[in-house]
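> predicted model and sequence below, questions to follow.
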Number of protein chains: 2
Amino acid sequence: MTDHGADTPAPAARAARRGRPPSTALNRDRILDAARALVEREGPDALTLRRLGAELGSNHTAVLRHFSGKEEILLGLAEQLIEEAVTGYEPTDSWRETLAGLARRVRGACLTHPQVAAVVAGRVSRRDAEFRGADLVIGALRQAGFGDREAARYYRALADTALAMGAQEAAVAALDSAAREGDRLAWRREYLAVSPTAYPHLASVAPHLAAADEDDQFETVLGLLLDAVELRAPHKP
Amino acid sequence: MTDHGADTPAPAARAARRGRPPSTALNRDRILDAARALVEREGPDALTLRRLGAELGSNHTAVLRHFSGKEEILLGLAEQLIEEAVTGYEPTDSWRETLAGLARRVRGACLTHPQVAAVVAGRVSRRDAEFRGADLVIGALRQAGFGDREAARYYRALADTALAMGAQEAAVAALDSAAREGDRLAWRREYLAVSPTAYPHLASVAPHLAAADEDDQFETVLGLLLDAVELRAPHKP
DNA sequence: ACCTGAACACCGTTCAAGT
DNA sequence: ACCTGAACACCGTTCAAGT
């Protein structure tokens, strides 16, 4: 990202020296910001190289000078998302609170930028912010008294689950609200109409399923996982 | 799916009466079988209407007489997958065993048809097999002594987690083995090379992360969730 | 050194026309 | 009743040519 070698200044640096802002100079950050704006404004399907080029006022192939392809742009967006969840987060005295807080921040970032989360689902960036998040979680698990093997095991269990759930929830949140409401209505209708003779158990709890609330749903899974981890932890939370 | 009304026989029925197999007659099942074969043979990206048409020996738009669009075909594939996991599964005396067995079958179906699972990730079919699976899980939770509200809550926690994990694992398994191996190597290399001063906790457990095994990973999450459910259950498993 | 424009090989969906 | 073929409005990526 940084250019070294003082004898070959980047064009942006040259432009700045001439006093003109490099408004037309493309770079990875400008491209990622434009991609994020595009996805948030018009939804996941709007992220095409052609529309991204238009957003940037450039030819649609110019972007490929800075990213090897569309996949690499998506990885950049994934890293931005984790960055937002992790930046400035400080562990607390209670390892359980540290883990719960981080999980809620990951989910929060997914829900704040559902379009981005939906488009990025399942991609691991293997970059800075991801490492910081991993270090926080593993630190909390060691605080709970787990050895390295168990800390690694439970880190993956917690991280994979949180990301998988965040991505899934974001996919729903990314639908426009009319489509989401239509989907929810169809789901309720079909589950409430299920045959009580064919599916007796399902039919009798269906009203509770229909009343389900997503925050409650997330807290339930998080609570279950942390209860089980606590049950196995050498130290109190 | 079945045609009633004896005075308006379907073309397939007419062809059969004439003694010729309806080899050219399209219907939903033939289309879904072809779609599944195509995805398993050539991967998720190969599922396009044009290639599906070629697979069926028809025009690529003929499929749209039977499905309203590509999305509806994906829903059909999702239902087939759950069908395979659920068909013939019988609950046991131990509710915990019932839940664990079903979760393992869902995962097994995803891993047997990773290409299909990858393409279908996150879609709920709201059809027969899904209802049967829900009924089994909720039945087991009632056997554990939970009331309707808790049974509904924990059903969603378990089902969402199992499906999200199955989908994620399938997405990895769907890569061709060269790409998968390359990805795993890159992942190991970058996690093992992480700076011990910047990420002390991560660096010291990294060897265990690199040694992680996916079966173990799945069983860890399943075990955590079931331990926590058992902790809250009125009846012994 | 960086960007453009044309070209290539594809997509999903619509719709008038055929049989 | 069902299928075809052409057309429409798009894709991502490559590459020679420009500045």
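Sure, I can see it.

> output the set of residues of chain A in proximity to DNA strand D.
Taking Cβ under 7 Å from any atom of the strand as the criterion, the neighbours of DNA strand D within chain A are A:Leu47, A:Thr48, A:Leu49, A:Arg50, A:Arg51, A:His60, A:Thr61, A:Leu64, A:Gly69, A:Lys70, A:Glu71. For every residue, glycine as well, the C-beta is placed using N, CA and C.

> give me the lowest-pLDDT entry from those residues.
Minimum pLDDT across those is recorded for A:Glu71, with 86.

> burial count for that residue?
If you count neighbours by other Cβ atoms under 10 Å in any protein chain shown, A:Glu71 ends up with 10.

> A:Ala100 contacts A:Leu222, correct?
Yes: the pair A:Ala100 / A:Leu222 is scored as a contact, 6.2 Å apart, by Cβ atoms under 8 Å.

> report the mean confidence score over the longest helix seen in chain A.
Taking DSSP state H as the criterion, chain A has its longest helix at helix A:148-173. Mean pLDDT, computed over helix A:148-173, is 86.

> how far off helix A:148-173 does the helix or strand following it point, in degrees?
Under the assignment DSSP states H and E, the closest C-terminal helix or strand after helix A:148-173 is helix A:177-192. Relative orientation of helix A:177-192 and helix A:148-173, computed by axes from the mean of the first three to the mean of the last three Cα atoms, to 10 degrees: 110 degrees.

> close to chain B, is helix A:177-192?
Yes: contact between helix A:177-192 and chain B, assessed by Cβ under 8 Å from any Cβ of the partner chain, occurs at A:Ala186, A:Trp187, A:Glu190, A:Tyr191.

> closest to A:Arg36 among these?
A:Trp187 (30.2 Å; Cβ to Cβ).

> not counting sequence-adjacent ones, nearest residue to that closest one?
In space, not counting the residues next to it along the chain, A:Trp187 is nearest to B:Arg126; the distance is 6.5 Å by Cβ to Cβ, 6 or more residues apart in numbering or on different chains.

> that neighbour and A:Asp216: what is the separation?
Applying Cβ to Cβ, to the nearest Å, the value for B:Arg126 to A:Asp216 is 21 Å.

> who has more neighbours, these two?
Shown here are B:Arg126 and A:Asp216; by other Cβ under 10 Å, B:Arg126 has more neighbours (17 against 11).

> isn't that one right up against A:Leu185?
No: judged on Cβ under 8 Å, B:Arg126 makes no contact with A:Leu185 at a distance of 12.0 Å.

> hmm, back to that, make TSV from the residues of chain A next to DNA strand D and add distance to B:Gly133 and secondary structure to it.
Below are the residues of chain A next to DNA strand D laid out as TSV (distance: Cβ to Cβ, whole Å; DSSP: H, G, I helix; E, B strand; the rest coil):
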residue	distance to B:Gly133	secondary structure
A:Leu47	34	coil
A:Thr48	37	coil
A:Leu49	40	helix
A:Arg50	42	helix
A:Arg51	40	helix
A:His60	45	coil
A:Thr61	47	coil
A:Leu64	45	helix
A:Gly69	38	coil
A:Lys70	35	helix
A:Glu71	34	helix
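
> most neighbours among those, which one is it?
Going by other Cβ under 10 Å, A:Leu47 tops the residues of chain A next to DNA strand D with 21 neighbours.

> ok, now which ones touch that one?
Going by Cβ atoms under 8 Å, 6 or more residues apart in numbering or on different chains, A:Leu47 touches A:Ala35, A:Leu38, A:Val39, A:Lys70, A:Ile73, A:Val119.

> so which of these belong to helices?
Per DSSP H, the subset of these in helices is A:Ala35, A:Leu38, A:Val39, A:Lys70, A:Ile73, A:Val119.

> any idea how far the most far-flung residue of chain A relative to its centre lies from A:Trp187?
Distance to the chain centre peaks in chain A at A:Thr197, reaching 41.4 Å (criterion: Cα atoms, centre = their mean). Relative to A:Trp187, A:Thr197 is positioned 22 Å away (Cβ to Cβ).

> residue ranges of each domain in chain A, please.
According to automatic domain parsing, chain A comprises the domains A:1-67, A:78-232.

> which of these comes out lowest on mean pLDDT?
Of all the domains of chain A, domain A:1-67 has the smallest average pLDDT, which comes to a mean of 72.

> phi, psi of A:Val194?
Note on A:Val194: backbone dihedrals following degrees, to the nearest 10 are phi -60, psi 140.

> repeat that for A:Gly57.
Here A:Gly57 shows phi and psi, under degrees, to the nearest 10, equal to phi 70, psi 30.

> would you check how far apart it and A:Ile73 are?
17 Å.

> between these two, which has more neighbouring residues?
Just comparing A:Gly57 and A:Ile73: by other Cβ under 10 Å the higher neighbour count belongs to A:Ile73, 22 against 11.

> tell me who's in contact with the closest residue to DNA strand C within chain A.
Per Cβ to the nearest atom of the strand, A:Asn59 is where chain A lies closest to DNA strand C, at 2.9 Å. For A:Asn59, the contact set (Cβ under 8 Å, 6+ apart) comprises A:Gly53.

> what's the separation between it and A:Arg41?
For A:Asn59, the distance to A:Arg41 - Cβ to Cβ - is 21 Å.

> go on, A:Ala171?
18 Å.

> between these two, point out the one with more neighbours.
Applying other Cβ under 10 Å to A:Ala171 and A:Arg41 shows that A:Ala171 carries more neighbours, namely 19 against 10.

> not counting its neighbours along the chain, what's nearest the more buried one?
A:Ala118 (4.7 Å).

> verify the stated contact: that neighbour with A:Gln168.
No: using Cβ under 8 Å, A:Ala118 makes no contact with A:Gln168, being 9.5 Å away.

> is stretch A:86-97 in proximity to chain B?
No: applying Cβ under 8 Å from any Cβ, one finds stretch A:86-97 separated from chain B by no less than 10.1 Å.

> flag every buried residue along that stretch.
A:Val86, A:Pro91, A:Trp95, A:Arg96 (16 or more other Cβ atoms under 10 Å in any protein chain shown).

> next step: these restricted to helices.
Counted as lying in helices by DSSP H, out of the buried residues of stretch A:86-97, are A:Val86, A:Trp95, A:Arg96.

> out of those residues, flag the one nearest to A:Arg153.
Among those, and counting by Cβ to Cβ, the member closest to A:Arg153 is A:Trp95, at 15.6 Å.
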